[in-house]
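**Q** Sequence first, then the predicted structure, then my questions.
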Amino acid sequence: MYNSKEIPRFSANLILNILFLLIGFLLPACSGDKKPPPRPAVPVLVATVTEKTVPVELKVIGNVEAYSTVSIKSRLSGQLVQVNFKEGQDVKQGDLLFVIDPRPYEAALKQVEANLARDKALATKAQADARRYAELIRKQFVSQQDYDQAKATAESLSATVNADEVAVQNAKLNLSYCYIKAPITGRTGSLIAHMGNQIKADADTAMLVINQIQPIYVSFAIPEQHLAAVRKFMAAETIKVAAVIAGQENNPEMGVLSFIDNTVDKTTGTILCKATFTNEAKRLWPGLFVNVVVQLSTQPNAILVSSQAVQTSQAGQIVFVVKPDLTVEIRPVEVGRPIDGEVIITKGLTPGERVVTDGQLRLVPGAKVEIKTGP
């Protein structure tokens, strides 16, 4: 027999169990019909793959050198009485720079000129005596010994005159050394000898240094593996060289390759080269470091892409290519040399394709992208 009080409790439990079963059957059915929300598009920057002719060039660091350098020293001693230029001034070949006190050398010149005049007079008299003795000896009025003595005296004085003439030339040369002129056209440096200084002949320290800066050299070293190519192109045509000054990248100086050293440096594996520049604007200065671009030839039909598009993965270098439906795919590529923020792609891309240059970290194959127009 059931207790009348337990019947309602039993009915309530049964109803709850039925409800739980219905909910258990209905929930999976409802959850199966609901789809997960789509992933949002990833904002990215893209660049277009291009095809064009690019230069084949070498980029190295170079140093500007004076075309020629002359250290000015005095050939004689004396007091410096004139300085006819200012430090840092441009001078031309033949311009008078310094004057050493010429008075001692003028006096020395006058002395040797007087000696020459005296000895010329004595030589003239001795030659006349020798001619007279030659006439007298034919008539046997003088002895052979007297004639020989007169002849020897004439010849000796003639030799003395020759020596005096050499002394005069040497004195004139010393006097000309008092006037020091510019041997080349160039720019003067710091003045070491000042007016009033006592100058020593051929001193250890130069009085002045002149650098020729028009034209001017830029020296640089290239790796030895490029030597064969450089020599090949240099033999065929003139190789142009650009010197890029820091902060003035858009206005390089242009010159030509003019020198290749005859020895490869065994310690660095490089070879020294020089390029000559006209330097008309005097922008290149001795000692200045510049970026050197050696333009060897051109490469037609090169495939170029922004260097920011190339990523490195475990499988190698890849790019994310944006397909027409704005989804991306991973494309392995082979990368060549860089050119001004771009790289040459030797395999993997075709001109006109779009590749992702920013936002790659959030991308997976097949992901939807939204192309941004700015950073």
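**A** Alright, I've got the coordinates.

**Q** how near is residue 299 to residue 336?
**A** Distance, residue 299 to residue 336, by Cβ to Cβ, to the nearest Å: 9 Å. No exception for glycine: its C-beta is placed from N, CA and C like everyone else's.

**Q** Then residue 320?
**A** For residue 320, the distance to residue 336 (Cβ to Cβ) stands at 19 Å.

**Q** With residue 255 instead?
**A** From residue 255 over to residue 336 the distance is 27 Å, taken as Cβ to Cβ.

**Q** Direction included, what does the lengthiest strand in the chain pair up with?
**A** When the chain is parsed with DSSP state E, its longest strand is strand 50-72. Taking DSSP bridges as the criterion, strand 50-72 sits next to strand 208-223 (antiparallel), strand 289-306 (antiparallel) in its sheet.

**Q** what number of residues lie near residue 123?
**A** A total of 21 residues lie near residue 123 under the criterion other Cβ atoms under 10 Å.

**Q** surely it meets residue 160?
**A** Yes - look at residue 123 against residue 160 with Cβ atoms under 8 Å: they come within range, at 7.0 Å.

**Q** The nearest residue to residue 84 once chain neighbours are set aside: how many residues sit nearby?
**A** Among residues not flanking residue 84 along the chain, residue 96 sits closest, at 5.2 Å (Cβ to Cβ, 6 or more residues apart in numbering). As a burial measure, residue 96 scores 13 neighbours (other Cβ under 10 Å).

**Q** Can you give me the separation between residue 96 and residue 78?
**A** From residue 96 over to residue 78 the distance is 16 Å, taken as Cβ to Cβ.

**Q** And stretch 361-369, how far out from the chain middle?
**A** Distance of stretch 361-369 from its chain centroid, counting by Cα atoms, centre = their mean, to the nearest Å, is 46 Å.

**Q** can you check stretch 42-50 too?
**A** Stretch 42-50 has its average C-alpha position 37 Å from the chain's average C-alpha position, going by Cα atoms, centre = their mean.

**Q** Pull the residues that contact it.
**A** If you take Cβ atoms under 8 Å, 6 or more residues apart in numbering as the criterion, stretch 42-50 is touched by 303-306, 308-309, 320, 322, 345, 349-360, 362-363, 367-372, 375.

**Q** can you pull the contacts of residue 182?
**A** By Cβ under 8 Å, 6+ apart, the neighbours of residue 182 are 91, 92, 93, 94, 95, 97, 210.

**Q** Return the residues in contact with the fourth one.
**A** The one in question is residue 94. Taking Cβ under 8 Å, 6+ apart as the contact definition, residue 94 lies against 181, 182.

**Q** That one sits in which helix or strand?
**A** Using DSSP states H and E, residue 94 sits in no helix or strand.

**Q** Tell me the predicted confidence for it.
**A** According to the per-residue confidence, residue 94 scores 95 in pLDDT.

**Q** quick revisit: closest one of the contacts of residue 182 to residue 64?
**A** For residue 64, the nearest member of the contacts of residue 182 is residue 210. The distance, counting by Cβ to Cβ, is 16.2 Å.

**Q** who's the nearest residue to the closest one once chain neighbours are set aside bridged to?
**A** Spatially, and ignoring its direct neighbours in sequence, residue 210 is nearest to residue 186 (4.4 Å; Cβ to Cβ, 6+ apart). Counting by DSSP bridges, residue 186 is bridged to residue 91.

**Q** Look up how far residue 68 lies from residue 186.
**A** Separation of residue 186 from residue 68 (Cβ to Cβ): 7 Å.

**Q** who are the neighbours in contact with the residue nearest to the spatial centre of the chain?
**A** Among the residues of the chain, the smallest C-alpha distance to the mean C-alpha position (Cα atoms, centre = their mean) belongs to residue 62, namely 3.1 Å. Taking Cβ under 8 Å, 6+ apart as the contact definition, residue 62 lies against 218, 219, 220, 243, 275, 289, 290, 291, 292.

**Q** go with 6 Å
**A** Listed by Cβ atoms under 6 Å, 6 or more residues apart in numbering, the contact set of residue 62 reads 218, 220, 290, 292.

**Q** And the furthest pair within the residues you listed?
**A** Of all pairs drawn from the contacts of residue 62, the greatest distance, 8.7 Å, lies between 220 and 290 (Cβ to Cβ).
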